[in-house]
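Colleague: compute the structure for the input listed below.
(chains A and B)
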Amino acid sequence: GENVEQHPSTLSVQEGDSAVIKCTYSDSASNYFPWYKQELGKGPQLIIDIRSNVGEKKDQRIAVTLNKTAKHFSLHITETQPEDSAVYFCAASMTNQAGTALIFGKGTTLSVSS
Amino acid sequence: DTEVTQTPKHLVMGMTNKKSLKCEQHMGHRAMYWYKQKAKKPPELMFVYSYEKLSINESVPSRFSPECPNSSLLNLHLHALQPEDSALYLCASSRQGGGGSTGELFFGEGSRLTVL
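Modeller: Got it, this is the predicted structure:
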């Protein structure tokens, strides 16, 4: 089955700096890679996603890159703000005979200090 | 605000109790999911329903029993739970059902379960 590795587990940056979180996946059949942000006491919320036919996607201060050959994808946050502080999860799609679901990485706790 | 509604938000139950968690979405999504999340851990897949049929059961103990009465509702029935089952239970839905490409998962805010 799919296995998703995420690094680093914690990341502390100063406001205005960039933050990069990296993930690798094992199943070459995976074709959908979302990133979720989870704030304390809330459910995960999608912030950006990328499909396997695209190498890069950007939405304002957030970008995701995908290297399908190497099976890794990364989240880039520029000009970080204190409200970016949260736990970030990468995920990869898993499909078997039974159906399709997302498998999550272990998460990165991002702290942005002002 | 999430469009996936979970009730109750908090639940405390004893090991001999029977309770249920409920999830509702009105986005016309055909796939619904239960995930379990322990503190400082990622969500772990439990069950997937596709077109109201159970399609994935990730070897979850039988003390957890899912039910999908219709395309908008998903329940998780709990019986004879253990203290280690205490966690945040997240419901999610996605547009597609069945195999193939996965779309965005919309998560609810979760039901925080404490088993005494």
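Colleague: count of residues packed around the residue nearest to residue A:42 when sequence neighbours are not counted?
Modeller: Leaving aside its chain neighbours, residue A:42 sits nearest to residue B:109 (5.7 Å; criterion: C-beta to C-beta, 6 or more residues apart in numbering or on different chains). No exception for glycine: its C-beta is placed from N, CA and C like everyone else's. By other C-beta atoms under 10 Å in any protein chain shown, 19 other residues sit near residue B:109.
Colleague: got the contact list for residue B:109?
Modeller: Residue B:109 makes contacts with A:41-43, B:2, B:6, B:9, as judged by C-beta atoms under 8 Å, 6 or more residues apart in numbering or on different chains.
Colleague: which of the residues you listed lies closest to residue B:96?
Modeller: Of all the contacts of residue B:109, residue B:2 has the smallest distance to residue B:96: 18.9 Å, by C-beta to C-beta.
Colleague: and the closest one, what pLDDT?
Modeller: pLDDT, residue B:2: 63.
Colleague: could you list the paired strands of the worst-scoring helix or strand of chain A on mean pLDDT along with their orientation?
Modeller: Lowest on mean pLDDT, DSSP states H and E among the helices and strands of chain A sits strand A:100-104, with a mean of 86. Looking at strand A:100-104 with DSSP bridges, its partner strands are strand A:86-95 (antiparallel).
Colleague: and the partner strand, what's buried?
Modeller: A:86-95 (16 or more other C-beta atoms under 10 Å in any protein chain shown).
Colleague: what does stretch A:5-14 give?
Modeller: A:6, A:11, A:13.
Colleague: residues contacting the first one?
Modeller: In other words, residue A:6. A:21-23, A:89-90, A:105-108.
Colleague: cool, and the second one?
Modeller: Remark: with contacts taken as C-beta under 8 Å, 6+ apart, residue A:11 is in contact with A:19, A:21, A:108-111.
Colleague: low-confidence ranges in the chain?
Modeller: As the question left the chain open, I've gone with chain A. Along chain A, the parts satisfying pLDDT under 70 run over A:97-98.
Colleague: ah, I was thinking of chain B
Modeller: Chain B contains residues with pLDDT under 70 at B:1-2, B:97-102.
Colleague: got the phi and psi for residue 84?
Modeller: Looking at chain A here, since you left the chain open. phi -80, psi -10 (degrees, to the nearest 10).
Colleague: not what I meant, chain B
Modeller: phi -70, psi -10.
Colleague: what helix or strand is the most centrally placed residue in chain B on?
Modeller: In chain B, the C-alpha nearest the mean C-alpha coordinate belongs to residue B:34, at 2.7 Å (C-alpha atoms, centre = their mean). Using DSSP states H and E, residue B:34 falls within strand B:31-37.
Colleague: run through who's touching whichever helix or strand comes after that strand.
Modeller: Using DSSP H and E, the helix or strand that directly follows strand B:31-37 along the chain is strand B:44-50. The contact list for strand B:44-50 (C-beta under 8 Å, 6+ apart) reads A:98-104, B:30-38, B:54-58, B:60, B:64, B:66, B:68, B:74, B:76, B:97-98.
Colleague: now stretch B:66-85
Modeller: With contact meaning C-beta under 8 Å, 6+ apart, stretch B:66-85 is reached by B:13, B:15-26, B:28-30, B:32, B:34, B:46-47, B:49, B:51-54, B:63-65, B:89, B:91, B:113, B:115-116.
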